[in-house]
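[1] have a look at this prediction, sequence included:
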Amino acid sequence: MTQYYLKPKVLLAPISTEIFKEFNLGAEVVILVSNTIMENFNLHSIFEDLRLTSNLHIYKHIRPDAPFEDLNQIIDELKNKKLDNIIAIGGGSVIDAAKALSVSFEGIDYRDIFYKKADMPGKKINVTAIPTTAGTGAELSFGAIIYDNYNNIKGGIRGEIVQPDNVLIDAKFHNNCPFKLKAEVGFDCLTHAIETYISKKSNPLVRNQSVSCIKNIFKYLIPACKDNDIYAMEKIAISSALMGLNLAYSSTCLPHRIQYVIGPLTNTSHAQGLIAIYKGWLKHLAEINLKELKTLAEDLDMAVHEFLEKIAFIKDELSIDYSIADLGIKRNQIKEISESVTGNVSADPCYQDTNTIYNILTNSL
Ligand SMILES: [Fe+2]
């Protein structure tokens, strides 16, 4: 049986006061945004208009990885309010922060869900996601990656309930990102497409979306990054959002599991880690002649070597051809890293035991 809901309201439009009327925000609204985005897109005037019908609580302090400390500040300040909507305007961390907060305001402590002491509740505050980077898929996925900064633990809360209720895609936000960020986060989007296709949890609808996303990345990521082409950027932004759904209905593979170890160890971003691990993972899949890789290449009308060459070409063109050595990993750390990888490693059809991870990391040096 294949299940695939297209539930949230997704609008593709420039941000404006008018567009917010589509979302029925309610009386008490939390907005998570950054100072830079407020200034660059003159959101002040839109927010002034929204104040005519809603009481706004604007927060600009959410840091990368959505640390507990930043979430707690909002919960402490608003715990006695009856909130109606959380608008998250930002990258994956800002949207994930809104998703975690949305369940916390319904009486369940997100930390208990994080540490599996409580089940995900059946209700939450509505979330309106306005992504400003194209890649994480947080705007449509069923998970929120957050960070316990007190105990140095990064992890996730997962459940259909945390999927945002409204999504606004306005590619001018994405287009304003620096070149390197666009390129790296765009690669994260590519990894979601490839891994949700390859995963043992995949299904025909997921694979169909993956193929369409990979074609978009192959065609549009370079012009989106190099020429600030807004049409190309919108294609990547749409792909990123739809890969959020793929993440909900399939799963990622070993590169994402390994990145969760390498990121904190090297203090590098999610996307940078993935780019480096892909060097070895794809090589490993090709070496073992993985049938899912062959099928994916066929769906793209390519031979496996052409598919791999295309990815290498994109990394080269965008100057993001990193290895794990570039991130600071030494050969003598690989064994320990391999043994620290946790999570559902067997969703990756190439996984046999920790030696698989050892080989991938050695290939990634
Ligand atoms: Fe990712």
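    Yep, that arrived. Numbering: from 1, shown residues only.
[2] now stretch 255-268: mean pLDDT?
    Stretch 255-268 carries an average pLDDT of 92.
[3] now do the same for the residue sitting furthest away from the middle of the chain: its pLDDT.
    Here the chain reaches farthest from its C-alpha mean at Leu52, the gap being 33.3 Å by CA atoms, centre = their mean. Predicted confidence (pLDDT) for Leu52: 95.
[4] same check on the one 5 residues further on?
    His57 carries a pLDDT value of 97.
[5] restricting to C-alpha, output stretch 145-164 in CSV.
    Once non-C-alpha atoms are left out, stretch 145-164 reads as follows in CSV (Å, rounded to 0.1, in the frame of the first residue of the first chain):
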residue,chain,number,x,y,z
ILE,A,145,15.7,18.8,14.3
ILE,A,146,16.6,20.6,17.5
TYR,A,147,19.6,20.9,19.8
ASP,A,148,19.9,20.3,23.5
ASN,A,149,22.6,22.9,24.1
TYR,A,150,22.7,22.1,27.8
ASN,A,151,23.7,18.4,27.2
ASN,A,152,25.2,18.8,23.7
ILE,A,153,22.7,16.5,22.0
LYS,A,154,21.3,17.0,18.6
GLY,A,155,18.2,15.1,17.7
GLY,A,156,14.7,15.2,16.4
ILE,A,157,11.0,15.1,17.2
ARG,A,158,9.0,13.3,14.7
GLY,A,159,5.3,13.0,13.8
GLU,A,160,2.8,14.0,11.2
ILE,A,161,1.4,16.6,13.6
VAL,A,162,4.5,18.8,13.3
GLN,A,163,4.1,19.3,9.6
PRO,A,164,3.4,23.0,9.0
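[6] identify each buried residue in that stretch, please.
    Within stretch 145-164, the residues scored as buried using 16 or more other CB atoms under 10 Å are 145-149, 154-157, 159, 161-164. No exception for glycine: its C-beta is placed from N, CA and C like everyone else's.
[7] against Phe20, how distant is the residue farthest from the centre of the chain?
    Going from Leu52 to Phe20 by CB to CB, to the nearest Å gives 11 Å.
[8] what's the pLDDT at Asn344?
    Note on Asn344: pLDDT of 90.
[9] what does Ala237 give?
    94.
[10] can you point me to the longest helix in this structure?
    helix 204-226 (DSSP state H).
[11] quick one, domains of the protein?
    9-173, 178-363 (automatic domain parsing).
[12] just the strands in the stretch 101-250 of the chain please.
    For the stretch 101-250 of the chain, the strands defined by DSSP state E, counting those that start in this stretch occupy 126-131, 143-148, 153-158, 166-169.
[13] so what touches the first one?
    Residues outside strand 126-131 that contact it (CB atoms under 8 Å, 6 or more residues apart in numbering) are 15, 23, 25-26, 84-92, 95, 98-99, 102, 138-140, 162, 164-170, 173-174, 237, 240-241.
[14] partners of that strand in the sheet?
    Take DSSP bridges as the rule and strand 126-131 pairs in its sheet with strand 85-90 (parallel), strand 166-169 (parallel).
[15] ok so, going back, so which of the strands of the stretch 101-250 of the chain is nearest Leu71?
    Distance to Leu71, taken as CB to CB, is lowest for strand 143-148 among those, at 7.0 Å.
[16] and the angle from the closest one to strand 153-158?
    Put simply, strand 143-148 runs at 150 degrees to strand 153-158, going by axes from the mean of the first three to the mean of the last three CA atoms, to 10 degrees.
[17] residue contacts, the residue nearest to the spatial centre of the chain?
    For the chain, Thr136 is the residue whose C-alpha lies nearest the centre (CA atoms, centre = their mean; 1.9 Å). Contacts for Thr136 (CB under 8 Å, 6+ apart) come out as 91-92, 95, 185, 188-189, 240, 244, 270.
[18] with that, I have no additional questions.
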